[in-house]
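S.K.: here is the input, now give the coordinates:
(one chain, ligands or ions: 2)
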Amino acid sequence: MDEVILIKLGEMVLKGLNRNTFEAALLRNIRRRLNRLGEFDIKAAQSTVYVTPSKGADLDAAVERIAKVFGIVAFSRACVVKKEMPAILEAAGEYLKSDLLAAKSFKVESKRSDKHFPLKSPEISSEVGGYLLKKYPHLCVDVHQPDLIVRVEIRDFGAYVHGQPLKGAGGIPVGTGGNAAILISGGIDSPVAAWMMAKRGLELTAVHFASPPYTSERAEQKVIDLLTRVSEYAGRMNLFIVPFAKVQEEIMAKCPEELFTIIMRRFMMRVSEEIARQEACSALITGESLGQVASQTIQAIACTDEAAKMPVFRPLIGMDKLEIIEIARKIQTFDISIQPFEDCCTVFTPKHPRTRPEIGDILTAEQALDCEKLIYDCVRNVRKLQIAPHRNGGIYER
Ligand code: ATP
Ligand code: MG
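M.R.: Numbers count the residues shown, from 1 in each chain. Ligands and ions are numbered 1, 2, ... in the order given. Below is the predicted model:
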C-alpha cells in the first residue's frame, strides 16, 4: 500500500499576501529536514503539503522530523489509492486494520475536494461505514464519541485514508521572520527561549560566552549538545564561542563587586550585538524571566538594555520556572541543561549583587575599563561552529 504524509498548513494560511513566501519557506524547511532520509516528492496544493516517498525512503523517520517543523498545525500519515470506491473500501479495511481491531466504536468522516468524484461526502462515509461494519462485526458506529475516526479524503491527486492526525509543532516557518542572535548559556532557560523565537519564524545565530580556564571544554560541549537539539526545530545555525575570561577579570579587578553581574551582562549584550550585526541579525534573544535572579529585576534589565541598540527579545519574561521546564522537557533539552558544568556566570558570582542598579553608577564604574578594546578582542578571538540537526558535535569553521 502506498503511503504519503499529508500536512495541514498552520497560522500561515491566514497571512494573505505573504502566503506564497510562507509556503515556499515551509517547503524549503521540510526538504532540508528530510534531506538524508531518501528521496521524497514534496509539493503544496489547496492548503496541504504532500510528502510522497520514493522507494527506500525512511517514512518513519520523516514523520518524526516533520513533527518538529514549525508552520505545521497537524499532519497525517495516510494511505493513497485510486479515486475509485472499491480501492477506497479495501484501503479503509486494511490500512487501519490494527486500529479497527482495537476499537469498539468508529465513525467515518469524508471530504470531497475533487467535485468530479461521483459520490458526495455523506455517501462516501456511509458506504465505507457499511463496508467496515461487515468486515469487522465487533464494531458499532458512534457519531458522537467514537474510539476511532476513519478519514477519507478525495483530493486532486488521489483518494486518501487515514486515522487520527498528529499534532504539528505549530508556529510559523523558520526564516520568514528574519534573523536574531540567541545568547545561549548551558542553563535551562536560554535553549527554551531559542526554541520559542524560532517558532515565531526567526532564523537563529547563537552566541556563547565561555571562560576558559575557569570553565571546561565540557561546558562548551554542553552548549553544542543543547543547540543540536534546538536545531531539530530551528534548523542549522552558526554558533559563536566568545572567550570571556579577560573581560570578567577586568571587571572584577576594576569595578565594584556588587555591580559585577550587571556590567558583565552589558558586555555580553555589546559583544553579541556586534556579532549579530556581522551576521545580519536584527535582534537579540535572551532567556531572562522577570524576578528569577538578581540580574533579572526591572532595574537590572533596564541597565542591561541600555548597552544594546537592537531590540532584545525575552520570550520567557512572564513565565514561571516550572512552565519553562515543561517546555525544556518537551524539546528534550532539560536533561542536557541539568548536567553540572560551570558556566561563565557562576564562576565570578558576587556575594551581594545589587538588585536595583542605577545606570549612572554603572556608567561611572565602566569608566575604569577600556570597553572598546575589550569588545574588540572578544569579537576578534571568537570561534565559529556550525550546528546541524542529528549530527553529534558541532563542526568547526575556523
Ligand atoms: P539560563 O538558564 O538560560 O542560563 P538563567 O536563569 O541561569 O538562564 P542568567 O544566568 O542570569 O539566567 O542568564 C540570563 C540570560 O543571559 C540567559 O538566559 C542567556 O540568554 C544569557 N546568558 C547567560 N550566560 C550566558 C553565557 N555564558 N553565554 C551566552 N549567554 C548567556
Ligand atoms: Mg544561567
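S.K.: how close does residue 314 sit to residue 95?
M.R.: Distance of residue 314 to residue 95, computed by Cβ to Cβ, to the nearest Å: 47 Å. Glycine gets a C-beta too; all of them are placed from N, C-alpha and C.
S.K.: now do residue 356
M.R.: With distances taken as Cβ to Cβ, residue 356 is found 64 Å from residue 95.
S.K.: and the two? Which one has more around it.
M.R.: Remark: of residue 356 and residue 95, residue 95 carries more neighbours, 22 against 11, as counted by other Cβ atoms under 10 Å.
S.K.: which intervals of the chain have sub-threshold pLDDT?
M.R.: For the chain, the stretches with pLDDT under 70 are 10-17, 344-345, 347, 392-398.
S.K.: mind giving me the domain ranges of it?
M.R.: Structural domains annotated on the chain: 2-169, 179-397, as defined by automatic domain parsing.
S.K.: tell me which of these is the most buried.
M.R.: domain 179-397 (a mean of 19; mean count of other Cβ atoms under 10 Å).
S.K.: just send the domains of the chain back as a markdown table, with distance to ligand 2 too.
M.R.: Output for the domains of the chain, formatted as a markdown table (distance: least, Cβ to the ion, whole Å):
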| stretch | distance to ligand 2 |
| --- | --- |
| domain 2-169 | 25 |
| domain 179-397 | 4 |
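S.K.: helix, strand or coil for the residue in the stretch 201-350 of the chain that ligand 1 sits nearest to?
M.R.: Closest approach between the stretch 201-350 of the chain and ligand 1, counting by Cβ to the nearest ligand atom: residue 287, at 2.6 Å. The three-state label given to residue 287 by DSSP: H, G, I helix; E, B strand; the rest coil is coil.
S.K.: residue 240 now?
M.R.: strand.
S.K.: I'd say it and residue 275 touch.
M.R.: Yes: Residue 240 is within contact range of residue 275, at 5.2 Å (criterion: Cβ atoms under 8 Å).
S.K.: quick check: neighbours shared by those two?
M.R.: Both residue 240 and residue 275 are in contact with 205, 207, 382, where contact means Cβ atoms under 8 Å, 6 or more residues apart in numbering.
S.K.: can I assume residue 181 sits in a strand?
M.R.: Yes: under three-state DSSP, residue 181 falls within a strand.
S.K.: partners of it in the sheet?
M.R.: Beta-bridge partners of residue 181, counted by DSSP bridges, are residue 205, residue 284.
S.K.: could you shift the numbering so residue one becomes 18, and keep it that way?
M.R.: OK, 18 is where the count begins now, so the last one is residue 198.
S.K.: report the separation between the residue with the largest distance to the centre of the chain and ligand 1.
M.R.: In the chain, residue 151 marks the outermost C-alpha relative to the chain mean, sitting 45.0 Å out by Cα atoms, centre = their mean. Using Cβ to the nearest ligand atom, to the nearest Å, residue 151 is found at 59 Å from ligand 1.
S.K.: and that residue, which of the three is it?
M.R.: Reduced to three states by three-state DSSP, residue 151 is helix.
S.K.: list the contacts of stretch 319-332.
M.R.: Defining contact as Cβ under 8 Å, 6+ apart, one finds that stretch 319-332 is touched by 197, 209-210, 213-214, 279, 282-284, 286-287, 289-290, 293-294, 298-306, 312, 318, 374-376, 379.
S.K.: now, which of those lie within strands?
M.R.: The strands, defined by DSSP state E, take in 197, 301-302 from the contacts of stretch 319-332.
S.K.: picking that back up, how close does the residue farthest from the centre of the chain sit to residue 106?
M.R.: 10 Å.
S.K.: surely residue 82 meets residue 53?
M.R.: No: the criterion here is Cβ under 8 Å, and residue 82 misses it with residue 53 at 9.8 Å.
S.K.: the stretch 118-267 of the chain against ligand 1: which residues are in contact?
M.R.: Proximity of the stretch 118-267 of the chain to ligand 1 is confined to 200-202, 204-207, 224-226 under the rule Cβ under 6 Å from any ligand atom.
S.K.: quick one, helices of the stretch 18-167 of the chain?
M.R.: 36-51, 76-83, 102-112, 114-119, 138-152 (DSSP state H, counting those that start in this stretch).
S.K.: hang on, the earlier thing: now the shared contacts of residue 257 and residue 292 in CSV, with distance to residue 78?
M.R.: Formatted as CSV, these follow (distance: Cβ to Cβ, whole Å):
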residue, distance to residue 78
222, 27
224, 31
399, 35
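S.K.: taking the centroid of this structure, which residue is nearest it?
M.R.: Among the residues of the chain, the one closest to the centroid is residue 250, at 3.4 Å (Cα atoms, centre = their mean).
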